[in-house]
Each structure stands twice: as C-alpha cells, then as structure tokens.
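> could you look at this predicted model? Sequence included:
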Amino acid sequence: MSTSTSLDTGTIHLGGLGSGLDTEGIITGLVAASSERLKAAQTQESNLKAAVSTLSQVGQNLATLQTAVAALSTVDGASGLAASSNGTAMTATVGAGALAGSFEMTVSSLASQQRTYSAKFGPATTALGQTGSLSMGAGTSSPVTINVVATDSLNSIVTKINAAGIRVSASVFQDGTSTRLLLRGLDTGTVNRLSITETGTSLDLNGDGTNPNGGKTVAASDAVVTVDGFTVTRSTNQITDAINGVTLNVSSKTDSPVTLTIGPDASNLQAKLQTVVSAFNTCISSVHFAAGYGTITASNQVLAGDSALRAVTDRLGSTMASSASSGTFRMLAQVGISLTRDGTMTLDATKLQDALTKDPTGVASLLVDRMTTLKASLTSLTASTTGPLASRSKTLNDQAKRLDDWTVTEQDRLDNYATSLRKQFSAMDAAYAANQALISQLSKIGSST
C-alpha cells in the first residue's frame, strides 16, 4: 500500500490498495510528463516580466540623464562664466549675455519696506473703544477701507487688515510694557510706500516718532549702488538690469569700494558636464547589459539585440555626435566631450578649460544647442505611450498576459487529467480487489471438494 497527498486540494489519496501499485506516484509521473509545455510557458512568462522590469530601469536611467541635461539646456545653466567679489556686501550670478570683466562698486543704501507703528496701548486683546475707519494702500494700488468698531482690539484690527488683500502685513508689536499695531509693507522700495488715512480713530499711524507714546514710521528705501561711478537706484536688493547678463544681490552697505569680477569658471561647468557624462554612460551600459554588446551576453534573452534598446543607443549616439549649425565651436569634441568606440562618453577637463579661456560664450552656445537637442531626443525616447521603450514594454506585457491566461487553462487541464487518472486507477484497484476476492473464494471451493 502507498499513500500520497494531492498538492492542489490537500486530500490524502490511498493508491494501490488492491493492486499494491504506487498509483499516486504513477499519476504524479504522468502529470509531470504532460507538464513540460506549462513549465516552458511559465519560464517564458517570467522572462518577459523580467524584460519589462529591465526596460523600466533603462527608462529611469534616461530620466536621470534628462534631469542632468536640463541643467545645461539654458544659457544661464551652460554659462562658462562666474562672478566673484572681494567683499561680502553683494553676490552676483551670471546668465545670458554676460561678458568677462570687472566693476568697482559701492553700496550706500539697501532697499527696505515701510514699517509703521501705532501709538502704544494696553493688552492686544482689550477693546480700544474707537470707532472710525482706516484707508490703506500700498504703492500705486487703490486704497482699501477698513472699518473699526468700538469692540475692536489690536488683535481684531490686525485680522481685518490681513484679510483686506493689501500688500501690507499687520501684526502686534510688544515692547515689554505696552503693545502697538505694526504695519509692514510686503514690497521694498519707495515706489511701494504705504498710504494710511485715519478717520475717527486715534491710532496715530502717521506719527513722526517725536512723541514716545505716539506712532512712528520708518520710511521705505531704495537700493543705491554705484557702479564704476554711475549711480544705480532700484526698488529691490536684487538688481537684474544694471550689468548685462549679471544679477546683483545686495545684502549690506559698504565702507569702501568692492570689486566684482566676471571670469571663466571651469569647475562649476565641469561638474555639470560630468553629471551628464556619468548619467549618459549609465544609460549606455544598462542597454549593453540588457541587450548584449560585443562580448557581453544579454542578461535576458528576450532582450538580446532588442530593437527598442538599439533605438536608445543609436539616438543618444547620433545626437551627441552631430554638430551645431553655427558658433565658434560646432562639435562637443572641441570642448572636451567625446564618444568612445562603445558609445560611452568621456570628458577632457583640460580641453574644456582651453575652450572656456578662448570663448566662454561660444562654449555656452554649443552646450545649449546640443543639450536642447538631446533633451528633445530623451523626451521622445521616454514618451509614456509613443516612446520605443513604452511600445516594447506594452508588447512584452501583452505576451506575458497571453501566456498567463494559457497557463491557467493548462493548469486546469492538468488538474482534470490527474483527477481522471485517479478515477481510472481507483476503478482498476476496485476491479483488481474484486478479482482477488473471487479467486480467493474459488480457491476455497476447490480445496473443499
């Protein structure tokens, strides 16, 4: 007698009770012999899903490259110039149109918002007992009227002002013994000064500060910077239109002139380019590993020599090898970026420095041209529905789905086959047992005669 347990139902089958044969072992062997196609289909389905996962990883690598490329696809990002100064009163950033040179500067005033303090009062939550209105505006905007009633406290007036939609921030100022209403303009510069008119109230919002218990105003001011002897006045501390292509950020007054220098900066540009090169090479290497290249065997035979992956490397390579239509430099190799025989890139820092020394604007122009083109290629390659990777992934997913549907049907067939075999062997065992009983009975009859 032999026993076995059915893996699909957990039912214990007792095979060969009559014949003594291991019928369950025979059934398992017969079903296994009929399962080769199912096993092959399951393996293929697993390989297809793994291929889709690999394509997804290649897509992620392309997205990383796209981010790195975007940092160099504008003139500001690809500029080979940088600004530096011998003081801390200002910083500067370089963008499109900047030229190498130096400037002598002094800062005599910073841009600030108007700040207006009311007369002093008791606790901020205590009703003031004042009735009237405040007409308030900022810059050239139309004044807004804020009504004040006797039950209003400083806190409730603050709430009303902040809800009025004016470019003014209201708060309560506490000096330790008393409280005041503080109004602060949200924008700097004299053009954005506040206009305040009180009617019926006595908050003293236009006080001159001579009365220690009264109101006080600190006027808005402009940034005043002297550049090579010329006075530049602006309403903000960020000055974008004084020096072409240069944004000045003023932070403090100066006691003596500061020299601002605009010159080549290879280190910053080199770091951005190295990020692009590294991301580019990761893309190429991931495709080679997936599809096979030279002596590299494809990691998944489903993707061996895959056309979608070849489209990725072909597009990346052709884009980086093509030339710009104009400019001092036409090819990336002229500024130190070269393609190797296996399709990866290298960066020659010395060659990049030489190109920047010769013509930093020309380097920026070339990089913007090539990176913009590469960015467009990457957008096409990674398109969620029309890109080659997306199209190939859909095809593989469809194939995997069909195999999955087939394997379910095939497993049902094998389960039914096993059930049929068990019924047949059970009938055989029953017949065999009956025959054995009959033979035994006949033997007893024969021996008794």
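Thanks, I have it.

> give me every residue that touches residue 139.
167, 187, 191-193 (CB atoms under 8 Å, 6 or more residues apart in numbering). (Glycine included, C-beta is placed from N, CA and C.)

> give me that answer again for 6 Å
Contact analysis of residue 139 by CB atoms under 6 Å, 6 or more residues apart in numbering lists 191-192.

> repeat for residue 109
221, 224.

> what's the answer for residue 308, then?
For residue 308, the contacting residues are 388-389, 392, by CB under 6 Å, 6+ apart.

> by neighbour count, which of those wins?
Neighbour tally across the contacts of residue 308 (other CB atoms under 10 Å): the maximum, 22 neighbours, falls on residue 389.

> what strands line up against the longest strand seen in the chain, and which way round?
In the chain, with assignment by DSSP state E, the single longest strand is strand 101-109. Paired neighbours of strand 101-109 in the sheet (DSSP bridges): strand 223-227 (antiparallel), strand 258-264 (antiparallel).

> okay, these in a markdown table with mean pLDDT, mean neighbour count and distance to residue 309 next?
Compiled in a markdown table, the strands paired with strand 101-109 are given as follows (pLDDT from 0 to 100; neighbours: other CB atoms under 10 Å; distance: least, CB to CB, whole Å):
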| stretch | mean pLDDT | mean neighbour count | distance to residue 309 |
| --- | --- | --- | --- |
| strand 223-227 | 97 | 19 | 55 |
| strand 258-264 | 90 | 17 | 39 |
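
> just the pLDDT for the closest residue to residue 140 other than its chain neighbours.
Computed as CB to CB, 6 or more residues apart in numbering, the closest residue to residue 140 that is not its neighbour in sequence is residue 191, at 7.6 Å. With respect to pLDDT, residue 191 scores 97.

> am I right that residue 191 sits in a strand?
No. Judged by DSSP: H, G, I helix; E, B strand; the rest coil, residue 191 forms no part of a strand; its state is helix.

> for the helix or strand harbouring residue 275, list every residue counted as buried.
Assigned by DSSP states H and E, residue 275 belongs to helix 266-291. Buried residues in helix 266-291, counting neighbours by 16 or more other CB atoms under 10 Å, are found at 266, 269-270, 272-273, 275-277, 279-291.

> next secondary structure element downstream of it?
Following helix 266-291 in sequence order, the next helix or strand is helix 307-321 (DSSP H and E).

> list of residues touching the next helix or strand after that next one?
Using DSSP H and E, the helix or strand that follows helix 307-321 in sequence is strand 337-339. Strand 337-339 is contacted from outside by 320-321, 345-347, using CB under 6 Å, 6+ apart.

> helix/strand/coil for the nearest residue to residue 78 once chain neighbours are set aside?
Closest residue to residue 78 apart from its sequence neighbours, by CB to CB, 6+ apart: residue 367 at 4.0 Å. Classification of residue 367 using three-state DSSP returns helix.

> so where's the longest helix in this protein?
If you go by DSSP state H, the chain has its longest helix at helix 388-448.

> what helices or strands is it leaning on?
helix 23-33, helix 36-70, helix 307-321 (3 or more CB pairs under 6 Å, 6 or more residues apart in numbering; DSSP states H and E).

> next, the angle from that helix to helix 23-33.
Counting by axes from the mean of the first three to the mean of the last three CA atoms, to 10 degrees, helix 388-448 lies at 150 degrees to helix 23-33.

> could you pull up the mean pLDDT of helix 388-448?
80.

> that one to helix 36-70, inter-axis angle?
Computed by the same axes, to 10 degrees, the angle separating helix 388-448 from helix 36-70 equals 160 degrees.

> and the chain, what are its domain boundaries?
Annotated domains of the chain cover 46-76+266-393, 81-110+223-264, 115-218 [automatic domain parsing].

> ok, and for stretch 392-407, which residues are buried?
The neighbour-count check on stretch 392-407 (16+ other CB under 10 Å) flags 392-393, 396, 399-400, 403, 407 as buried.

> likewise stretch 315-333?
Neighbour-count burial for stretch 315-333 flags 315-317, 319-320, 324, 327-330, 332-333 (criterion: 16+ other CB under 10 Å).

> then stretch 26-35?
27-28.

> if we can go back for a sec, export the contacts of strand 337-339 as CSV, with columns for distance to residue 232.
As requested, the contacts of strand 337-339 are exported to CSV (distance: CB to CB, whole Å):
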residue, distance to residue 232
320, 43
321, 46
345, 43
346, 45
347, 39
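
> farthest-apart pair in the residues you listed, please.
321 and 347 (15.4 Å; CB to CB).

> any stretches of the chain with poor pLDDT?
Within the chain, the segments meeting pLDDT under 70 span 1-21, 448-449.
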